[in-house]
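Asks: The following block contains a protein sequence and its predicted model.
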Amino acid sequence: IKTLNNFITFAKKMKNFFLFIFLFGLSINIFAQQEWSIEQCINYGVQNSLSIKNQALNTEISKANHLQSKLALLPDINAAATHSYNYGKVVDPFTNQFSMDRIQTNNFYLASSMVLFNGLKLLNNIKEQMSNAKAAELLLKKTENDVMLNIATLYLQVIFDSLNITTINQQVILSEQQVSRAQILYESGSISEDNLLNLQAQLASEQSNLITAQGRYELDMLALNQAMYYNDSIPLRIKIPTDLQPIIDKHTNMPPLDSILLYAYNNLPDIKAAEWQLQAAKYSFRATKGNFSPSLSLSLSYGTGYSTASKEITDYESNGFDTIGITTGTPPDYVITPHFNYNYQTIPFSNQLNDNVNQSIGFSLQIPIFNKGIYHNQYQIGKINLQIAENNLEQTKLSLRNVIEQAYYDMVAAQKKLDASNLYLKAQRIAYENQQDRFELGLLSSIDFMNSKNQYTQAEIQQLQASVELLFRYIILDFYQGKSLSL
């Protein structure tokens, strides 16, 4: 019985183990079969794009420069200390006496300086760096938009490639069926060998077209992976709609061109970044004017020191008299003074630090008169940079207008192209069905039938191309109106 219980326990554990393996494998399989929407691809690409990460770092640098420009208004404070030894004949800085002994000196001080006025250069620099920081943030958004548009373009191209493969594959299947029927008809003597060979050649051509379409799909999928910086071991799969018309119908309510342009001018980061860059150039130019203005600064210092040559008397003893002079009388008298022997010691460190304190305050006024043309050259460069920034703003507006106008008129043309493609496809479908009936009855040659089939296939591909192109134009114009990139 114990053995039986152990076996039952082991069986339960194995059951749980295999159940875990099954569920784990099922979860991996489900994840592997996950199909990515255009929103998921865009979000993944934005999170992993190196160009976006680099621009984000540039934005942080701009913010740091802005902070530094504001801190430049504050005074600087520096502390210093020295410890040195002097040998030979030297003047002691604290006793002002010559000394031949080795002297140890220590100096300690605090110093501070502050610019009081320099032609508003500091204030203009703050405004310049603030404008650069604002522009960097908007350039980050522009970089994100560029990455998003690129991924959306590649995503739609992969959709076209996939649907194109489906269309061509359907034609290949149909041709295989026709070749099989033709083989039976040929063996029964109903059609000639030429008709059979023509159909076989048509099948080979369509199979070649299918291989070409599959290769194009792989290349475009590779480009999409690279644009997304996709590096997962599980191959990327995207959602392929079976019918594009419902998606197109959701985007048909397109506002007038002027409304799209007005929104883009007021909201897209391209123009706003150029506007902030123009503001930065203006403040930079104003700062160069400050070079010609007098500058006034304040300086403060507090210091003290120590020297081994600074002595004090500890005690003394009398040692006779010293003659220091003779009078002019007769007889002359000698002038004498007591002679003392003194004992010295170096004044203690803490006492010297208290006794040797020195403080200073000063103002410095600098008036530029001639600086080798440096300030004048900086002024001219700032003026040129201002003109360049003004031109860049106008060029950005013009470029954005051209892109939106081109996209809008491409959308109008794509609408007309899709309408024409739908009519053409409908006509070719009817013609193909009629020709197929005639061919099966032996009333049409294989060459004429293949021509009809090729025209029908081309009509399907053209209609697919027109649908994808129109959908792309709709999405682009929606994006310029501030809408999300979605199908």
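Replies: Good, I have the coordinates.

Asks: can we go C-alpha only for contacts and neighbour counts from here?
Replies: Noted.

Asks: in this protein, which helix or strand is least confident?
Replies: Least confident helix or strand, the chain: helix 2-32 with a mean of 46, by mean pLDDT, DSSP states H and E.

Asks: which strands and helices sit next to the following helix or strand past it?
Replies: Downstream of helix 2-32, the first helix or strand assigned by DSSP states H and E is helix 38-48. Judged by 3 or more C-alpha pairs under 8 Å, 6 or more residues apart in numbering; DSSP states H and E, helix 38-48 is in contact with helix 121-187, helix 193-228.

Asks: Could you check the angle the last one makes with helix 121-187?
Replies: Going by axes from the mean of the first three to the mean of the last three C-alpha atoms, to 10 degrees, helix 193-228 is angled at 160 degrees with respect to helix 121-187.

Asks: ok and helix 193-228 relative to helix 38-48, angle-wise?
Replies: 40 degrees.

Asks: Give me the buried positions along helix 193-228.
Replies: Buried residues in helix 193-228, defined by neighbour count with 16 or more other C-alpha atoms under 10 Å: 195-196, 198-200, 202-203, 206-207, 209-210, 213-214, 216-217, 220-225, 227-228.

Asks: other SSEs contacting the helix or strand hosting Gln458?
Replies: In this structure, Gln458 sits in helix 446-480 according to DSSP H and E. With contacts defined as 3+ C-alpha pairs under 8 Å, 6+ apart, helix 446-480 has these neighbours: helix 121-187, helix 193-228, helix 245-249, helix 257-267, helix 374-440.

Asks: Go through those and pick out the most buried.
Replies: A comparison of the helices and strands packed on helix 446-480 by mean neighbour count, using mean count of other C-alpha atoms under 10 Å, puts helix 121-187 on top with a mean of 20.

Asks: didn't Glu39 look like it was pressed against Ser486?
Replies: Yes. Using C-alpha atoms under 8 Å, Glu39 is in contact with Ser486, at 6.1 Å.

Asks: quick one, the helix or strand that contains Gln279 and helix 257-267 angle?
Replies: Assigned by DSSP H and E, Gln279 belongs to helix 269-289. Following the same axes, to 10 degrees, one obtains 40 degrees for the angle between helix 269-289 and helix 257-267.

Asks: immediately after helix 269-289, which helix or strand?
Replies: strand 295-307.

Asks: For the residue most central in space within the chain, give me its contacts.
Replies: Nearest to the mean C-alpha position of the chain, by C-alpha atoms, centre = their mean, lies Gln55 at 2.0 Å. Shown in contact with Gln55 (C-alpha atoms under 8 Å, 6 or more residues apart in numbering): Ala136, Leu139, Leu140, Thr143.

Asks: Could you report the separation of the third one from Pro235?
Replies: The one in question is Leu140. To Pro235, Leu140 is 30 Å away according to C-alpha to C-alpha, to the nearest Å.

Asks: for the first one, same thing?
Replies: If you measure Ala136 against Pro235 using C-alpha to C-alpha, the figure is 35 Å.

Asks: Tell me where the stretch 51-200 of the chain is predicted with low confidence.
Replies: The model of the stretch 51-200 of the chain has pLDDT under 70 over residues 88, 90-96, 98-100.

Asks: could you redo the last one with a cut-off of 90?
Replies: Applying pLDDT under 90 to the stretch 51-200 of the chain flags residues 84-105, 118-119, 153, 156-157, 159-200.

Asks: just the stretch 201-350 of the chain next, same as before
Replies: The model of the stretch 201-350 of the chain has pLDDT under 90 over residues 201-207, 209-210, 213, 231-236, 238-257, 267, 290-291, 307-347, 349-350.

Asks: neighbours of the nearest residue to Glu390 once chain neighbours are set aside, just the number please.
Replies: Nearest residue to Glu390 in three dimensions, chain neighbours excluded: Leu278, at 6.1 Å (C-alpha to C-alpha, 6 or more residues apart in numbering). For Leu278, the count of nearby residues is 25 (other C-alpha atoms under 10 Å).

Asks: Which residues are in contact with Leu278?
Replies: Leu386, Ala389, Glu390, Leu393.

Asks: Redo these as a markdown table? Include distance to Pro368 and pLDDT.
Replies: As requested, the contacts of Leu278 are arranged in a markdown table below (distance: C-alpha to C-alpha, whole Å; pLDDT from 0 to 100):
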| residue | distance to Pro368 | pLDDT |
| --- | --- | --- |
| Leu386 | 24 | 94 |
| Ala389 | 29 | 95 |
| Glu390 | 30 | 95 |
| Leu393 | 35 | 94 |
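
Asks: out of these, who's nearest Thr328?
Replies: Proximity of these to Thr328 (C-alpha to C-alpha) peaks at Leu386, which lies at 90.3 Å.

Asks: So what's the residue count around the residue nearest to that closest one when sequence neighbours are not counted?
Replies: Using C-alpha to C-alpha, 6+ apart and skipping the chain neighbours, the partner closest in space to Leu386 is Ala281 (5.0 Å). Using other C-alpha under 10 Å, Ala281 has 24 neighbouring residues.

Asks: wouldn't Ala281 be in contact with Ile384 here?
Replies: No. Judged on C-alpha under 8 Å, Ala281 makes no contact with Ile384 at a distance of 9.4 Å.

Asks: circling back: tell me how far the residue nearest to Glu390 lies from Lys127.
Replies: Separation of Leu278 from Lys127 (C-alpha to C-alpha): 12 Å.

Asks: And for Glu312?
Replies: From Glu312 across to Lys127, the span is 59 Å (C-alpha to C-alpha).

Asks: again with Asn195
Replies: Plainly put, Asn195 is 81 Å away from Lys127 if you go by C-alpha to C-alpha.

Asks: and what of Asn291?
Replies: From Asn291 across to Lys127, the span is 17 Å (C-alpha to C-alpha).

Asks: again with Leu441
Replies: For Leu441, the distance to Lys127 (C-alpha to C-alpha) stands at 85 Å.

Asks: now stretch 470-486: how far from the chain's centre is it?
Replies: 23 Å (C-alpha atoms, centre = their mean, to the nearest Å).

Asks: mean confidence for that stretch?
Replies: Taken as a whole, stretch 470-486 has a mean pLDDT of 83.

Asks: So which bits of it are buried?
Replies: Using 16+ other C-alpha under 10 Å as the test for burial, stretch 470-486 gives 470-481, 485.

Asks: Pull the residues that contact stretch 120-127.
Replies: So stretch 120-127 is contacted by 66, 69-70, 72-73, 280, 283-284, 286-288, 290-291 (C-alpha under 8 Å, 6+ apart).

Asks: run the last query once more with 7 Å
Replies: The contact list for stretch 120-127 (C-alpha atoms under 7 Å, 6 or more residues apart in numbering) reads His66, Ser69, Lys70, Leu73, Tyr283, Ser284, Arg286, Ala287, Gly290.

Asks: CA atoms only for that stretch - export them in PDB, please.
Replies: Presented in PDB, the C-alpha positions along stretch 120-127 are these (Å, rounded to 0.1, in the frame of the first residue of the first chain):
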ATOM      1  CA  LEU A 120      23.100  92.700 -19.600                       C
ATOM      2  CA  LYS A 121      25.200  89.900 -21.100                       C
ATOM      3  CA  LEU A 122      24.300  87.500 -18.300                       C
ATOM      4  CA  LEU A 123      20.600  88.200 -18.500                       C
ATOM      5  CA  ASN A 124      20.500  87.800 -22.300                       C
ATOM      6  CA  ASN A 125      22.500  84.600 -22.000                       C
ATOM      7  CA  ILE A 126      19.900  83.200 -19.600                       C
ATOM      8  CA  LYS A 127      17.100  84.000 -22.100                       C
END
